[in-house]
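> Structural data only, the sequence is not supplied:
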């Protein structure tokens, strides 16, 4: 017989599941797997110095059978002296309200209860009774439905606060252990039905593979162990790329191997994008256009010149206003304080053009600070000729959603200058001229 408790201990040590002083919450359904897990951890709790608790969730889906499971779990925990937390919910009704399948809703409600309970007892690790057979079933289901490397990694031994100490033990190991210890358990009648995909895999596909002498659960356990190493390596590469590229460049992203670019995109988007959606984003990155966007489930992806950004762009703008020497106004929507002064010009040019100076006697009527208007143009040098602000903004690679946030200084005769770009030739000043100076300062 397999050393069942030794197998549990081996997994705990290999994956550092239970540091000394931990609290462990066993998810107890009453089935064979969870009863064996509770019993094995009970045997180990003193030597490994952790506190043991249990939680049972009554889904109310099988009438008296569900209530019987709850009663059984109470009796088991009373016998061992393990504190038990019990939750329940109307899964069927909640599934209708959420427009979810029964199984998906049941899992969500069950795990919500487990997480809440773990928090109540002080950040406990949540121990689930997934075995090597569960891992095999999961891998086969994912292959049938379509998956990538991450899906082929199967059920992880540790995921956040969730630990799976039985992950390398077989279902037959569980049965032998329960028999040896004289422990009873509850059977879920739905496990015998072939109405669920997992049961079809369990009852038909795996036995067919085993007829040829294969040990598919053991082989899947080794395969997933190796593939998790590969997955971890690629995930680390993706993390490193993001750390060194705080802004994703479309050209650099497009040049990456798909195995890396797909992971970078999923991390940057903060969600599990499908392969189809990843390819759509990469097509956007490789399109070469100055700006475009793509709406995916839960996220909008934008290309702005050579940058890939996530989330809808907020259109920035401000209301036009007149300004005279001595005036100062804070424009919060674009983060600038704009001031005007009259002085003799020293001839010193502000190369970032956050200060613009205009010869006073060339200004027509009042000065207006405003966003760009259709048809606006400026002449920045004798050799350049007139150029539309629209074309100039594109050349300067100002994103479309920010163009209306660029302050334009104008008067009754047209554009005098543009913040960050320069002044029109008609109002260009020389040293010693009386000038009107417009200053653009970031609001701190």
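That came through, no problem. Please read all numbers here as calculations on a predicted model, not as lab measurements. Numbers count the residues shown, from 1 in each chain.
> Only C-alpha atoms from now on, for both contacts and neighbour counts.
OK.
> Show me the shaky parts of the stretch 51-200 of the chain.
The model of the stretch 51-200 of the chain has pLDDT under 70 over residues 189-195.
> Packing partners of the helix or strand hosting residue 108?
Per DSSP states H and E: residue 108 is located in helix 102-120. Helix 102-120 sits against strand 51-58, helix 91-98, strand 125-127, with contacts defined as 3 or more C-alpha pairs under 8 Å, 6 or more residues apart in numbering; DSSP states H and E.
> For the last one, what is the distance to the chain centroid?
Distance of strand 125-127 from the chain centroid (C-alpha atoms, centre = their mean, to the nearest Å) equals 23 Å.
> list the helices and strands the helix or strand following that strand packs on?
Beyond strand 125-127 in the direction of the C-terminus, DSSP H and E gives the next helix or strand as helix 132-145. Applying 3+ C-alpha pairs under 8 Å, 6+ apart, we find helix 132-145 packed against helix 149-152, helix 197-200, helix 216-244.
> Flag every buried residue along the first one.
Okay, so that is helix 149-152. Judged by neighbour count (16 or more other C-alpha atoms under 10 Å), helix 149-152 contains these buried residues: 151, 152.
> Give me the contact list for that helix.
139, 142, 143, 224, 227, 228, 231 (C-alpha atoms under 8 Å, 6 or more residues apart in numbering).
> Any quick PyMOL command for the buried ones out of those residues?
Selecting only the buried members of the contacts of helix 149-152 in PyMOL, with burial defined as 16+ other C-alpha under 10 Å, works like this:
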select buried, resi 139+224+227+228+231
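> could you dump the contacts of helix 149-152 to JSON lines with distance to residue 59?
Output for these, formatted as JSON lines (distance: C-alpha to C-alpha, whole Å):
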{"residue": "139", "distance to residue 59": "26"}
{"residue": "142", "distance to residue 59": "26"}
{"residue": "143", "distance to residue 59": "29"}
{"residue": "224", "distance to residue 59": "31"}
{"residue": "227", "distance to residue 59": "35"}
{"residue": "228", "distance to residue 59": "33"}
{"residue": "231", "distance to residue 59": "35"}
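> got a list of contacts for stretch 265-274?
Residues from elsewhere that reach stretch 265-274 (C-alpha under 8 Å, 6+ apart): 238, 242, 278, 299, 310.
> before we move on, back to that, distance to residue 341 and mean neighbour count added to the helices and strands packed on helix 102-120, as JSON lines?
As requested, the helices and strands packed on helix 102-120 are exported to JSON lines (distance: least, C-alpha to C-alpha, whole Å; neighbours: other C-alpha atoms under 10 Å):
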{"stretch": "strand 51-58", "distance to residue 341": "72", "mean neighbour count": "22"}
{"stretch": "helix 91-98", "distance to residue 341": "62", "mean neighbour count": "14"}
{"stretch": "strand 125-127", "distance to residue 341": "65", "mean neighbour count": "25"}
